[in-house]
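# When you get a sec, could you give me coordinates for this:
(2 chains)
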Amino acid sequence: MAQPETGPIAAKPHIKFDPDGKPFIEAHRCRACGAVTADARLACPACASRDGFDAFRVKQTGKLIAYSIVKRSYPGIATPFVSAIAAFDGGLALKANLVGVGFEPEAIAPNIEVRLTFNEALGRTDAEGRAYVGYQFEPQKS
Amino acid sequence: MADVYILGIDMTRFGRYPDRTFAQLGGEAALMALDDCGLGARDVQIMYCGTVFGAYEMTGQAIMREIGQTGIPVTNIVNACASGASAFREAWLAVKSGVYNVALAVGVEKTPRGMLGGGAETGIPLEGLFGSASMPAVFAESGTEHAAKYGTTFAQFAKVSVKNHHHSTMNPKSFYQMETPLEQVMGAEMIAYPNTKLMCSVNVDGAAAAVLVSERKARELGLSRAIRVRASALQSDPWNPSNPMMPDVNTVTRLAAKSAYEQAGIGPEDVSLVELHDCFATAELLHYENLGLCGEGQAGEFIDAGETTLGGKVPVNVSGGLLSKGHPLGATGIANMYEVSLHLRGEAGARQVEGAKIGLTHVVGLGTASAVHVLEKA
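Next comes the predicted model:
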């Protein structure tokens, strides 16, 4: 489904919207080897096949691979925040803020299970004042 | 095919040179390298220039305007932090192929201040929304990935900076020359956990250059200070499911190391010293394993045991490394080779690795490239 004509804009191209405007993550799976990429490529980066890709809806449960507690960023960017990479069940790794864990390394267990949730892109708006949709990771409730 | 030799090699001191141009810095290093082997610009048959921030300025040709416009082929190379090593490798290929006898490789940079990284952003800023694209954070993430697998600690990562800053106190061409005890490194401003400010490489300006010659030319000019290039490997990153969200500096380095060891017909146990890509302290430990200096998951214990300090089993970054000597992106690859060459020639002064026979250099250009070279005294 294309971008809704009204309402918030996807802050990343792999954020898509249901007909009712609900966001989800779309990824692409190689028809030859099953490798998963966010964006469709000309050929598969893993096996070089040109058989094409099947788009699919990415599961919102996954596991943390790595993180960094960012205390200093570029000018104008509020800190601290936790930068994290997670691999989602069924394929696709994404990078986003990890929230709900605080900012002490002792409190961030390696390889914790996370859930991808959508957000209002920290309220950031573009030059035309338009709102955006982003996503973040949260620890799964055990 | 006949071997290729480094006959002359040198570098400027790394530092801040706001009043000097890319061409002046690169030209100075080029003349120093030519003086090191008694040749002149007129002897050079082909030239390659590696630079990142000077890549759009035809810096190689501008260097020739400083040192002598002889009309030779000049090519500018950009390959992120592997630009200098990539320029060197092109020069190596030109001589190895038999087409040229004397090639000049120059790496030069004037690095902007502040944190590098990030990219084109549209609509709204993405930094701090989808994590961080800053280099300290990206390499911190590589470190915590290792920590999650093997239990590597903040203190073990911090020891890299203690060691490399210690080494640089013996290197007059290093930007920093200061001891930084562990408490100081761990207590410095936290930039992106686990990288504190003292665990981030220094953005500096500088240049390094090498004169590469054919075996025939080396024998004609004398082999007494010549360095034999035993291997030149350059790889790009293969597919990894975490790409491109998380750049994979490990696999690409392993590919380059494997190729280099095979070309040289040696193993990691034969290497006397290593200059590797410690752009952040977290990265150095990963590369101990990637280059085969220690076993899988053992990098933390390896630094705890002091094996990579001067006097240890395999000294790493005795120049001070990118962390302390400084990291002028395009110059770094050739500067690493300069350091190794000093040791192989027995000219490294207070930081000399005794009896150095074979040295290895390594760089990573994020995006991602890795170059590994193996050098040996002729």
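# how about the helices in chain A?
Using DSSP state H, no helices are found in chain A.
# show me the contacts for the residue nearest the centre of it.
For chain A, the residue nearest the mean C-alpha position is A:Leu94 (4.6 Å; CA atoms, centre = their mean). Each residue near A:Leu94 by CB atoms under 8 Å, 6 or more residues apart in numbering or on different chains is listed here: A:Ile25, A:Ala38, A:Ile85, A:Ala86, A:Phe88, A:Leu116, A:Tyr135, B:Met245. Using the backbone N, CA and C atoms, a C-beta is placed for each residue, glycine as well.
# any chance you could map the strands in the chain?
Reading this off chain A. Here chain A has its strands, by DSSP state E, at A:9-10, A:15-17, A:23-30, A:36-37, A:53-57, A:61-70, A:81-88, A:93-97, A:113-119, A:132-139.
# try again with chain B
Per DSSP E, chain B carries strands over the ranges B:4-11, B:46-50, B:74-77, B:102-110, B:190-193, B:195-196, B:205-214, B:227-236, B:273-275, B:358-365, B:369-377.
# got a list of contacts for the first one?
When you say that, I think you mean strand B:4-11. Contacts of strand B:4-11 (CB under 8 Å, 6+ apart): B:29, B:32-39, B:92, B:95-96, B:173, B:206-215, B:217-218, B:221, B:223, B:225-229, B:331, B:334-335, B:337-338, B:341, B:375, B:378.
# orientation of it relative to strand B:205-214 in degrees?
Going by axes from the mean of the first three to the mean of the last three CA atoms, to 10 degrees, strand B:4-11 is angled at 160 degrees with respect to strand B:205-214.
# quick check, distance from strand B:4-11 to the centre of its chain.
15 Å (CA atoms, centre = their mean, to the nearest Å).
# How about stretch B:134-143?
18 Å.
# List of residues touching it?
Here stretch B:134-143 makes contact (CB under 8 Å, 6+ apart) with A:66-68, A:70, A:72-74, A:83-85, B:115-118, B:127, B:131-132, B:152, B:157, B:191-195, B:200, B:246-247, B:249-250, B:279-283, B:285-286, B:366.
# and what of stretch B:219-229?
B:3-7, B:9, B:36-39, B:92, B:212-213, B:218, B:340-341, B:344-345, B:373-378.
# Residues of the stretch 151-300 of chain B that sit close to chain A?
Within the stretch 151-300 of chain B, the positions adjacent to chain A are B:154, B:189-195, B:239, B:241-243, B:245-246 by CB under 8 Å from any CB of the partner chain.
# Low-confidence stretches in the stretch 1-150 of chain B?
The stretch 1-150 of chain B contains residues with pLDDT under 70 at B:118-122.
# got the residues of it near chain A?
B:114-115, B:118, B:123-132, B:134, B:136-138, B:140-142, B:144-145, B:147-148.
# Pull out the buried residues from these.
Applying 16 or more other CB atoms under 10 Å in any protein chain shown to the residues of the stretch 1-150 of chain B next to chain A, the neighbour count classes B:115, B:118, B:123-132, B:134, B:136-138, B:140-142, B:144-145, B:147-148 as buried.
# Could you dump the contacts of A:Leu94 into JSON lines with distance to B:Gly326, pLDDT and neighbour count added?
Formatted as JSON lines, the contacts of A:Leu94 follow (distance: CB to CB, whole Å; pLDDT from 0 to 100; neighbours: other CB atoms under 10 Å in any protein chain shown):
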{"residue": "A:Ile25", "distance to B:Gly326": "41", "pLDDT": "98", "neighbour count": "20"}
{"residue": "A:Ala38", "distance to B:Gly326": "36", "pLDDT": "94", "neighbour count": "18"}
{"residue": "A:Ile85", "distance to B:Gly326": "29", "pLDDT": "98", "neighbour count": "25"}
{"residue": "A:Ala86", "distance to B:Gly326": "35", "pLDDT": "98", "neighbour count": "27"}
{"residue": "A:Phe88", "distance to B:Gly326": "40", "pLDDT": "97", "neighbour count": "21"}
{"residue": "A:Leu116", "distance to B:Gly326": "40", "pLDDT": "98", "neighbour count": "20"}
{"residue": "A:Tyr135", "distance to B:Gly326": "38", "pLDDT": "98", "neighbour count": "23"}
{"residue": "B:Met245", "distance to B:Gly326": "29", "pLDDT": "89", "neighbour count": "21"}
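# Would you format the strands of chain B as JSON lines with mean neighbour count included?
What follows is these, written out as JSON lines (neighbours: other CB atoms under 10 Å in any protein chain shown):
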{"stretch": "strand B:4-11", "mean neighbour count": "26"}
{"stretch": "strand B:46-50", "mean neighbour count": "30"}
{"stretch": "strand B:74-77", "mean neighbour count": "21"}
{"stretch": "strand B:102-110", "mean neighbour count": "31"}
{"stretch": "strand B:190-193", "mean neighbour count": "26"}
{"stretch": "strand B:195-196", "mean neighbour count": "26"}
{"stretch": "strand B:205-214", "mean neighbour count": "30"}
{"stretch": "strand B:227-236", "mean neighbour count": "22"}
{"stretch": "strand B:273-275", "mean neighbour count": "27"}
{"stretch": "strand B:358-365", "mean neighbour count": "27"}
{"stretch": "strand B:369-377", "mean neighbour count": "26"}
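# my guess is B:Pro181 meets B:Lys163, correct?
No: if you go by CB atoms under 8 Å, B:Pro181 and B:Lys163 don't touch, sitting 11.5 Å apart.
# Quick check: which ranges of chain A have low pLDDT?
A:1-6, A:142.
# swap the cut-off to 50 and go again
Applying pLDDT under 50 to chain A picks out residues A:1-2, A:4.
# Help me confirm that B:Arg216 comes into contact with B:Ala2.
Yes: with contact defined as CB under 8 Å, B:Arg216 and B:Ala2 form a contacting pair (7.2 Å).
# For chain A, what is the nearest residue in the stretch 251-378 of chain B?
B:Thr282 (9.1 Å; CB to the nearest CB).
# who's in contact with that residue?
Applying CB under 8 Å, 6+ apart, we find B:Thr282 in contact with B:Phe139, B:Ala140, B:Ser142, B:Gly143, B:Thr144, B:His146, B:Phe157, B:Pro194, B:Asn195, B:Met199.
# now for those residues, which pair is the farthest apart?
Using CB to CB, the two most remote members of these are B:His146 and B:Met199, lying 14.3 Å apart.
# Of these two, which one has the most company?
Taking neighbours as other CB atoms under 10 Å in any protein chain shown, B:His146 and B:Met199 compare with B:Met199 leading, 32 against 23.
# Nearest spatial neighbour of the more buried one, chain-adjacent residues omitted?
B:Ala281 (3.6 Å; CB to CB, 6 or more residues apart in numbering or on different chains).
# what's the answer for B:Glu262, then?
Per CB to CB, 6+ apart, closest to B:Glu262 is B:Ala231, 7.9 Å.
# what's the answer for A:Ala78, then?
Spatial nearest neighbour of A:Ala78, chain neighbours left out: B:Gly128 (6.3 Å); criterion: CB to CB, 6+ apart.
# Touching, the one you found and A:Ala96? I think so.
No: look at B:Gly128 against A:Ala96 with CB under 8 Å: they stay out of range, at 10.5 Å.
# No further questions, thank you.
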